[in-house]
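> What would the 3D arrangement of this be:
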Amino acid sequence: MGKLCKKCGMESDRDDICTWCSADLRPPKQAQPKAQTTATRSQVPAGSTAAPSTPSAPRAARRPEPVELPPEKPAWMMPLIVGGGLIVLLVVILLVVGIAASGAPPDPGTWKTFVEKDKQFTAQYPGGWTKPSNSGSSGSYVSVDFRASKLCWVQVQGTQKAGAMGDVAAAASRAAGGTVSVERSAEGAVLAGSTASFTAQRPGFKQGTMKEVWDFGGSKAASAEYTYTKRVGLLPIKMKGIRWGAFKGDFGYVVFAEAPEKHWAKFQPVAQKIVSSVQFGGGTG
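From the prediction side, this is the model:
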């Protein structure tokens, strides 16, 4: 019996090809998946008789662990952070300013001669210091600063007002027979007359006992040591000094020399030499 052709419906005399319409009557071959065949062949070494292994199922991709981010800072904190940084910077600057200002005075170097602009007096001063200032008003007052540094300096001031105070005290001394205490002398009156304004600028001012000396220009003077605390930047600096009051001609002279207490031993002999070198009048420059 022939084979029925599904294409034309006729019965073919052959089993492989329809004798009526030439259709292929053979059953279709089952095709093997390429990927599997290739994988199977690649896993079996050449010349091996071992059966190919069944490919394992692909592993599931590992989920990445979540990364914890730092919490965000509130917007209002940024001005505080910036402001805090500026405050710290300002504190550092003020400390540096205080430390620099409280430094030791420089060495004197070669001594030079200073002549007051109205030739009221001359003095010797250290060439290693800054050039002395020379202000005042002709015939009215003189004011000269000798500066080694910001806090180490000597000042000489002479005024007719202080001179008038000295005249009054001198007259009272003569009336008393010239045997008054240094506080009641013309020199003491000149020194005491400047005390109020002097102490107002020096917190914690303490003055020692007033005494009579002859170390300002070789003339009689009233003198007293003192201490106070000066704040520079954020640093409190203990200061030490000496004041002089003298009476010469029409002028009363108020002189002081001061420096940080820790540098006083180095500064005081140099300052004393300036004060002692003063000569009234006689300027040649």
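> What ranges does this structure have for its helices?
Remark: helices assigned in the chain by DSSP state H are 34-43, 77-101, 160-175, 186-193, 195-200, 264-276.
> can you tell me which of these the model trusts least?
Note on the helices of the chain: lowest mean pLDDT is at helix 34-43, with a mean of 49.
> Okay, now the unreliable bits of this structure?
For the chain, the stretches flagged by pLDDT under 70 are 1, 30-62, 64, 67-73, 76-77, 82-83, 86-102, 178, 282-285.
> Let's see that with 90 instead.
For the chain, applying pLDDT under 90 flags the ranges 1-104, 118-119, 134-141, 161-180, 184, 186, 217-219, 232-235, 247-250, 281-285.
> Could you measure from residue 113 over to residue 264?
Distance, residue 113 to residue 264, using CB to CB, to the nearest Å: 26 Å. (Glycine included, C-beta is placed from N, CA and C.)
> who has more neighbours, these two?
residue 264 (20 against 12; other CB atoms under 10 Å).
> What distance do you get for that one to residue 144?
For residue 264 relative to residue 144 (CB to CB), the value is 22 Å.
> for this protein, what spans make up the strands?
3-4, 11-12, 111-115, 121-126, 135-137, 141-147, 153-159, 206-207, 211-216, 219-232, 235-248, 251-260, 279-280 (DSSP state E).
> Of all these, which one comes closest to residue 103?
Smallest distance to residue 103 across the strands of the chain (CB to CB): 8.5 Å, for strand 251-260.
> packing partners for the closest one?
Under the contact definition 3 or more CB pairs under 8 Å, 6 or more residues apart in numbering; DSSP states H and E, strand 251-260 sits against strand 153-159, helix 160-175, helix 186-193, strand 235-248, helix 264-276.
> Listing partners with orientation, what would you give for that strand?
Strand partners for strand 251-260, identified by DSSP bridges, are recorded as strand 153-159 (antiparallel), strand 235-248 (antiparallel).
> Now mean neighbour count and distance to residue 260 too, for the ones you listed, in JSON lines please.
As requested, the strands paired with strand 251-260 are arranged in JSON lines below (neighbours: other CB atoms under 10 Å; distance: least, CB to CB, whole Å):
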{"stretch": "strand 153-159", "mean neighbour count": "23", "distance to residue 260": "11"}
{"stretch": "strand 235-248", "mean neighbour count": "21", "distance to residue 260": "5"}
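> out of these, nearest to residue 109?
strand 153-159 (15.8 Å).
> and that closest one, how far from the chain's centre?
33 Å (CA atoms, centre = their mean, to the nearest Å).
> before we move on, what about stretch 187-196?
Centre-to-centre, stretch 187-196 and its host chain are 40 Å apart (CA atoms, centre = their mean).
> quick one: residue 25 from residue 84, how far?
95 Å.
> Same drill for the two, tell me which one is more crowded.
Neighbours around residue 25 and residue 84, counted as other CB under 10 Å, are more numerous at residue 25. The numbers are 18 against 10.
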